[in-house]
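K.L.:
Sequence and predicted model, in that order:
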Amino acid sequence: MALNKMEDFKFDGTERLPVDYVKGILQPTPTCDMWDQIWNFQAKSDDLLIATYPKAGLDQANEMPSPRTLKTHLPIHLLPPSFIEKNCKIIYVARNPKDNMVSYYHFQRMNKALPAPGTWEEYFENFLAGKVCWGSWHDHVKGWWKAKDQHRILYLFYEDVKKNPKHEIQKVAEFIGKNLHDEVLDKIVHHTSFDVMKQNPMANYSSISTKIMNHTVSPFMRKGTVGDWKNHFTVAQNERFNEDYEKKMADTNITFHFQFS
């Protein structure tokens, strides 16, 4: 269940969802319209929250039986306070920003619940400036990284999950208090692999109306690889990105892998 709600917006297949700001962070207007409800959401102590930057229904959530698994794209400073007050377990997944930018760009191309991304060149500049829904990637990953030492947050990296999925799934299992045998872990690894999930209607969003998500423009689950940014970044863009990255990430010790050796 997501802590961001877009289902009530009526699409006719041509328009895009409008956006506005919540505390300086760009958000789809349905999220803005119900912000008080989101902010005052009452978490339960046994809730598990999955948090990611994008491309990583509150009433329904209230009716879900415990323990609940919820998800959000909110930066840490916009997280409803009850999650911290109730000491909920939170899993945060971060992805290297170059691949994240490419994936988010294609996601916005196909998803009319988000603003049109414009050209790749325009999107590149907007992403660096943090002028995309859910705000700056840099602030997002740094905020959650800083919070992990004060709260029950398991901070994972997408690249680690791709490289050694069994090890990372074992981490998750231990974090949520599950002791899984090897054969169970192997089954989870299989069913959560990109190729299997891409064919799973429960994961690939193929059941969503094409008026909202047009998979002919770009599939919801596109490539899921590490290093695809090389197929999009020009040499000049890569140099500009690296310079910007070093400045914005100078105050943190997070290490990202931009490709596999």
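P.N.:
Good, I have the coordinates. Numbers count the residues shown, from 1 in each chain.
K.L.:
which regions of the stretch 1-150 of the chain sit below the pLDDT cut-off?
P.N.:
Residues of the stretch 1-150 of the chain that meet the criterion pLDDT under 70 lie in 1-14, 57, 59-64.
K.L.:
So which residues of the stretch 51-200 of the chain form helices?
P.N.:
Remark: helices assigned in the stretch 51-200 of the chain by DSSP state H, counting those that start in this stretch are 58-63, 82-85, 97-110, 120-129, 137-147, 158-163, 165-175, 182-191, 194-198.
K.L.:
ok, Lys98 to Leu79 distance?
P.N.:
Plainly put, Lys98 is 26 Å away from Leu79 if you go by Cβ to Cβ, to the nearest Å. C-betas here are computed from N, CA, C, even on glycine.
K.L.:
Could you do Thr119 as well?
P.N.:
Taken as Cβ to Cβ, the span from Thr119 to Leu79 is 33 Å.
K.L.:
now do Ala236
P.N.:
Taken as Cβ to Cβ, the span from Ala236 to Leu79 is 37 Å.
K.L.:
In what element of secondary structure is Ile50 found?
P.N.:
strand 48-52 (DSSP states H and E).
K.L.:
Parallel or antiparallel, list what pairs with that strand.
P.N.:
Taking DSSP bridges as the criterion, strand 48-52 sits next to strand 69-72 (parallel), strand 89-94 (parallel) in its sheet.
K.L.:
Mean neighbour count, those strands: which tops it?
P.N.:
strand 89-94 (a mean of 22; mean count of other Cβ atoms under 10 Å).
K.L.:
closest to Asp33 out of the helices of the stretch 51-200 of the chain?
P.N.:
helix 58-63 (12.2 Å; Cβ to Cβ).
K.L.:
What residues sit buried inside stretch 27-34?
P.N.:
Gln27, Pro28, Pro30, Thr31, Cys32 (16 or more other Cβ atoms under 10 Å).
K.L.:
of those residues, closest to Glu85?
P.N.:
Thr31 (21.6 Å).
K.L.:
quick one: the closest one and Ile188, what's the gap?
P.N.:
From Thr31 to Ile188 the distance is 31 Å (Cβ to Cβ).
K.L.:
Equivalent analysis for Tyr245, please.
P.N.:
In terms of Cβ to Cβ, Tyr245 sits 33 Å off from Ile188.
K.L.:
rewinding a little: who has more neighbours out of Ala236 and Leu79?
P.N.:
Leu79 (24 against 8; other Cβ atoms under 10 Å).
K.L.:
residue contacts, that one?
P.N.:
Ala51, Thr72 (Cβ atoms under 8 Å, 6 or more residues apart in numbering).
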